[in-house]
Structures are given as C-alpha cells and as structure tokens.
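Colleague: model this:
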Amino acid sequence: MKVQILGSGCTKCKTLEQKIRSLNDQHALNLEIEKVTELKKIVRYGIMMTPGLVINGVIKSVGSIPKDDQLLEWIKGEGL
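Modeller: Numbering: from 1, shown residues only. Coordinates of the predicted model:
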C-alpha cells in the first residue's frame, strides 16, 4: 500500500510523516511511504493546504493531522 505525505516540510508535514512511520512500525503495516515535497506534484492533487495525505491515490486528509485511530481506519479500509 502506498502512502504519500504531501508538503514542503512544515512542522505539520513532519509530524504527519512521523505518525505514519510510527504506525507502520507499531502495527507492521508494510506501507510504502513517500514524502512529496515538489510543488508541481502537490498541485496536481489540487491540494492548497498542507499536509496532504494520499493513500493508494485517494486524498484522505488536507491541512490537518488526523488522529491515529482515523489513520488506521483509512489504511485498513484501503486493503490491509
């Protein structure tokens, strides 16, 4: 499963990345995690606020840091 964190490196972007990596390790999710910092790629998703969270090509969150239980629900809903 591919998880993309869209953002330029702001504090929220870094926090979301750390949460995703932590959940991946804690729950042995075997996620492919990609940090997308290139503005052109971020704009292609139509995201105007960061961080953006994309799971298997589907935008799940924009401009906020979801709680762990919400993140796990989205990940499990996408096939785990």
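Colleague: quick one, longest helix in the protein?
Modeller: Scanning the chain for the longest helix, with DSSP state H as the assignment, gives helix 11-26.
Colleague: Flag every buried residue along that one.
Modeller: Judged by neighbour count using 16 or more other CB atoms under 10 Å, the buried positions of helix 11-26 are 13, 16-17, 19-20, 23-24. (Glycine included, C-beta is placed from N, CA and C.)
Colleague: Name the residues of the helix or strand just after that helix that are buried.
Modeller: Taking DSSP states H and E as the definition, the helix or strand that follows helix 11-26 towards the C-terminus is strand 32-36. Neighbour-count burial for strand 32-36 flags 35-36 (criterion: 16+ other CB under 10 Å).
Colleague: and strand 32-36, what other elements does it pack with?
Modeller: Counting by 3 or more CB pairs under 8 Å, 6 or more residues apart in numbering; DSSP states H and E, the packing neighbours recorded for strand 32-36 are strand 2-6, helix 11-26.
Colleague: Closest to the centroid, which residue in the chain?
Modeller: Within the chain, one residue has its C-alpha closest to the average C-alpha position: by CA atoms, centre = their mean, that is Leu53, at 3.3 Å.
Colleague: and the gap between the residue nearest to it when sequence neighbours are not counted and Lys41?
Modeller: Nearest residue to Leu53, sequence neighbours excluded (CB to CB, 6 or more residues apart in numbering): Ser61, at 4.1 Å. Ser61 sits 17 Å away from Lys41, going by CB to CB, to the nearest Å.
Colleague: Neighbour count: these two, which is higher?
Modeller: A side-by-side neighbour count of Ser61 and Lys41, using other CB atoms under 10 Å, places Ser61 first with 19 against 13.
Colleague: quick one: contacts for the more buried one?
Modeller: Taking CB atoms under 8 Å, 6 or more residues apart in numbering as the contact definition, Ser61 lies against 51-53.
Colleague: in the one helix or strand it maps to, what's buried?
Modeller: When elements are defined using DSSP H and E, Ser61 is found to belong to strand 58-62. Neighbour-count burial for strand 58-62, counted by 16+ other CB under 10 Å, picks out 60-62.
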